[in-house]
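[1] Just to be clear, the model below is a prediction. Sequence and coordinates:
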Amino acid sequence: MVAFTRATQDALCRELEQVDGAARFREDAWERPGGGGGISRVLQDGAVFEKAGVSFSDVHGALSPDFARRVGGEGVAFAATGLSVVIHPQSPMVPTAHMNVRMIRRGEAGWFGGGADLTPYYLFDEDCVHFHRLMREACERHAPGSHARHKRAADAYFHLRHRGEHRGVGGIFFEDTGGPLERDLGFAKDVASAFVAAYLPIVDRRRAEPYGEDERRWQEIRRGRYVEFNLVLDRGTVFGLETGGRTESILMSLPPRVRWVYGHEPAPGSREAALLEVLRTPRDWV
């Protein structure tokens with residue numbers, strides 16, 4: 001898992017730099033006081049990506065007794081290896097995207113988890129279908145019939161229950177499928193590969209779409225929902241902070257420009273309202 005996540009971090013950073021064409025990733029290697037460490041890479045203020053984070057971590061140590069009760073397995077000793085990717089584009093016509101894969105061990109128990117989801121600001125049905133189709137193919141290659149379960153899990157997980165909205169149009173989410181670890185490692189590898197094939201063609205299709213200040217303002221309002229999810233509900237954020245991870249790396253997923261507008265509702269019949277309708281009632285895209 002360490003070898004795979006390190007190699008994937010290198011390859012994905014090269015691809016994102018090539019797509020952006022202007023900015024480069026800054027790299028920070030860090031050590032966790034309780035054991036292990038990681039490598040965080042962040043690209044900022046590029047031509048295509050306003051902020052992109054690709055972070056590798058391999059940490060170990062002891063869980064606090066309170067937090068241990070919320071994590072599977074036995075005992076307080078844990079180890080966790082993972083890759084986390086969050087990409088915030090400049091253009092509101094290009095969706096934000098996220099992917100992470102991880103392996104966690106506690107005591108004698110070990111399991112894989114992860115997922116990927118798409119967060120558009122303006123709805124292009126063909127983009128959503130493309131993303132979900134690639135995610136489905138990755139799932140079905142490893143366990144036929146599993147995609148529907150992982151898609152439902154994503155809809156349930158990426159849900160801002162205090163808003164009655166989903167973060168985006170979903171994707172897949174999985175945690176401890178119960179299979180052999182070698183098979184689940186293969187699934188994690190396929191999810192990472194499918195994410196690149198699912199997202200970068202969308203970036204290429206939408207990066208030249210025209211937009212103005214109104215569309216940019218809507219993007220920043222929707223980014224506010226992204227922040228709310230990551231700070232209030234995201235398990236990865238909670239796990240990282242509770243286990244003494246590097247705060248700057250844990251919060252790299254946050255977008256650089258965000259706004260909260262009190263009581264904001266899009267105009268009926270607008271493109272913004274069409275997006276919100278889908279976020280409130282998820283679709284089966286494939």
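    Received the coordinates, thanks.

[2] show me where the stretch 151-286 of the chain has helices.
    Ranges of helices in the stretch 151-286 of the chain, per DSSP state H, counting those that start in this stretch, are 181-206, 213-232, 235-242, 247-250, 271-280.

[3] ok and the second one relative to helix 271-280, angle-wise?
    Think helix 213-232. 20 degrees (axes from the mean of the first three to the mean of the last three Cα atoms, to 10 degrees).

[4] Show me what helix 213-232 is packed against.
    Under the contact criterion of 3 or more Cβ pairs under 8 Å, 6 or more residues apart in numbering; DSSP states H and E, helix 213-232 touches strand 159-160. C-beta here means a position set from N, CA and C on the backbone, and glycine is covered the same way.

[5] if you set the cut-off to 6 Å instead, what comes out?
    When contacts are defined as 3 or more Cβ pairs under 6 Å, 6 or more residues apart in numbering; DSSP states H and E, helix 213-232 packs onto no helix or strand at all.

[6] Now do the buried residues in it.
    Residues 215, 218-223, 225-226, 228-230 are the ones in helix 213-232 that count as buried (16 or more other Cβ atoms under 10 Å).

[7] As TSV, the residues you listed with distance to residue 71 and pLDDT would be great.
    Compiled in TSV, the buried residues of helix 213-232 are given as follows (distance: Cβ to Cβ, whole Å; pLDDT from 0 to 100):
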residue	distance to residue 71	pLDDT
215	41	98
218	38	98
219	35	98
220	35	98
221	34	98
222	31	98
223	30	98
225	27	97
226	25	97
228	24	97
229	21	96
230	19	94
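
[8] In this structure residue 25 contacts residue 44, no?
    No. At 9.1 Å, residue 25 does not count as touching residue 44 under the criterion of Cβ atoms under 6 Å.

[9] between those two, which one's more packed in?
    Ranked by neighbour count (other Cβ atoms under 10 Å), residue 25 and residue 44 place residue 25 first, with 20 against 15.

[10] pLDDT at the more buried one, what is it?
    Looking at residue 25, its pLDDT is 98.

[11] So which residue is dead centre in this protein?
    residue 98 (2.5 Å; Cα atoms, centre = their mean).

[12] hmm, back to that, out of the helices of the stretch 151-286 of the chain, which comes closest to residue 80?
    Of all the helices of the stretch 151-286 of the chain, helix 235-242 sits nearest to residue 80, with 7.5 Å by Cβ to Cβ.

[13] picking that back up, in TSV, list the helices of the stretch 151-286 of the chain along with distance to residue 157.
    Formatted as TSV, the helices of the stretch 151-286 of the chain follow (distance: least, Cβ to Cβ, whole Å):
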stretch	distance to residue 157
helix 181-206	15
helix 213-232	10
helix 235-242	8
helix 247-250	18
helix 271-280	14
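
[14] Ok, which of the ones you listed comes nearest residue 126?
    helix 181-206 (8.4 Å).

[15] Show the secondary-structure elements that that closest one is packed against.
    Under the contact definition 3+ Cβ pairs under 6 Å, 6+ apart, helix 181-206 sits against strand 96-106, strand 109-119, helix 125-142.

[16] weakest of the helices of the stretch 151-286 of the chain by average pLDDT?
    helix 235-242 (a mean of 85).

[17] picking up where we left off before, quick one: the residue nearest to the centre of the chain and residue 84 touch, right?
    No. Under the criterion of Cβ under 6 Å, residue 98 makes no contact with residue 84, lying 8.1 Å away.

[18] Using the three-state scheme, assign residue 9.
    helix (DSSP: H, G, I helix; E, B strand; the rest coil).

[19] OK, contacts around residue 21?
    Going by Cβ atoms under 6 Å, 6 or more residues apart in numbering, residue 21 touches residue 47.

[20] And for the residue lying closest to residue 187 once chain neighbours are set aside, the neighbour number?
    Closest residue to residue 187 apart from its sequence neighbours, by Cβ to Cβ, 6 or more residues apart in numbering: residue 142 at 4.4 Å. Other residues within reach of residue 142, judged by other Cβ under 10 Å, total 17.

[21] likewise residue 109?
    When counting by other Cβ under 10 Å, one arrives at 14 neighbours for residue 109.
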